[in-house]
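1. structure here, sequence nowhere to be found:
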């Protein structure tokens with residue numbers, strides 16, 4: 001059984017490698033780091049998972065759609081009160097990518113979209129009810145990828161989020177904006 005799994009993985013990798021030259025799809029795995037003075041800096045980064053689809057090639061520019069899911073959490077204790085909080089950030093967007101031989105494997109990109117933010121609060125005690133909140137806002141993304149092979153690449157990107165809050169008491173840049181740097185790798189297939 002183990003040999004069959006290994007054979008399948010080698011065959012899949014060979015297919016992806018041969019197809020990667022004209023690849024329209026890519027998948028990424030990264031590590032999001034909240035930077036600056038904003039609400040996300042209180043959380044621990046877990047993972048960023050993304051997918052891209054390029055549907056138009058206009059000379060050296062590829063236009064496509066992408067989606068990312070970011071996961072953050074924090075555990076906190078205030079005297080005798082403990083709680084866990086999780087933030088999930090879903091980021092669909094449209095992007096443009098420069099793909100030219102002159103850039104020697106670098107592919108700078110820029111994107112814009114809307115981010116959906118869901119936070120879940122769970123207390124360790126039965127005295128406090130569990131809560132959840134959803135909001136969203138504009139997302140601007142800029143970064144660059146570097147091709148290691150025809151189908152494997154590394155990337156760095158910067159996301160700026162401008163989150164809308166329904167609560168009029170929360171009206172400052174700490175709660176309404178967030179900056180995230182993402183470092184990761186991806187496969188083109």
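-> In hand now; what should we look at? Predicted, not measured: the structure shown is a model, and the values here were computed from it.

2. going forward, measure contacts and count neighbours with C-alpha atoms only.
-> Noted.

3. quick one: low-confidence parts of this structure?
-> For the chain, applying pLDDT under 70 flags the ranges 1-22, 79-81, 125-129, 165-175.

4. excluding chain neighbours, what is closest to residue 87?
-> Excluding the flanking residues, the one nearest residue 87 by C-alpha to C-alpha, 6 or more residues apart in numbering is residue 119, at 4.4 Å.

5. again with residue 105
-> Nearest non-adjacent residue to residue 105, counting by C-alpha to C-alpha, 6+ apart: residue 147, 5.0 Å away.

6. show me the contacts for the one you found.
-> Residue 147 is in contact with 105-107, 153-154, counting by C-alpha atoms under 8 Å, 6 or more residues apart in numbering.

7. of these, closest to residue 189?
-> Using C-alpha to C-alpha, residue 153 comes nearest to residue 189 of the contacts of residue 147, at 11.6 Å.

8. tally up the residues packed near residue 29, please.
-> 20 (other C-alpha atoms under 10 Å).

9. if you could redo that for residue 84, that was the one I meant.
-> 15.

10. any idea how far residue 37 is from the residue nearest to it when sequence neighbours are not counted?
-> Nearest residue to residue 84 in three dimensions, chain neighbours excluded: residue 75, at 4.5 Å (C-alpha to C-alpha, 6+ apart). Note on residue 75: its distance to residue 37, by C-alpha to C-alpha, to the nearest Å, is 19 Å.

11. test my guess that residue 62 contacts residue 56.
-> Yes: at 5.7 Å, residue 62 and residue 56 qualify as touching, with contact defined as C-alpha atoms under 8 Å.

12. so between the two, which is more surrounded?
-> Higher neighbour count among residue 62 and residue 56: residue 62, with 19 against 12, using other C-alpha under 10 Å.

13. beyond the helix or strand hosting residue 95, next helix or strand please.
-> Residue 95 belongs to strand 81-98 when assigned by DSSP states H and E. Using DSSP H and E, the helix or strand that follows strand 81-98 in sequence is strand 106-123.

14. tell me what that following strand is packed against?
-> Applying 3 or more C-alpha pairs under 8 Å, 6 or more residues apart in numbering; DSSP states H and E, we find strand 106-123 packed against strand 81-98, strand 131-147.

15. so which of those strands is the most packed in?
-> Greatest average neighbour count among the helices and strands packed on strand 106-123 goes to strand 81-98 (a mean of 19), per mean count of other C-alpha atoms under 10 Å.

16. now do it: distance to the chain's middle.
-> Computed by C-alpha atoms, centre = their mean, to the nearest Å, the separation of strand 81-98 from the middle of its chain amounts to 6 Å.
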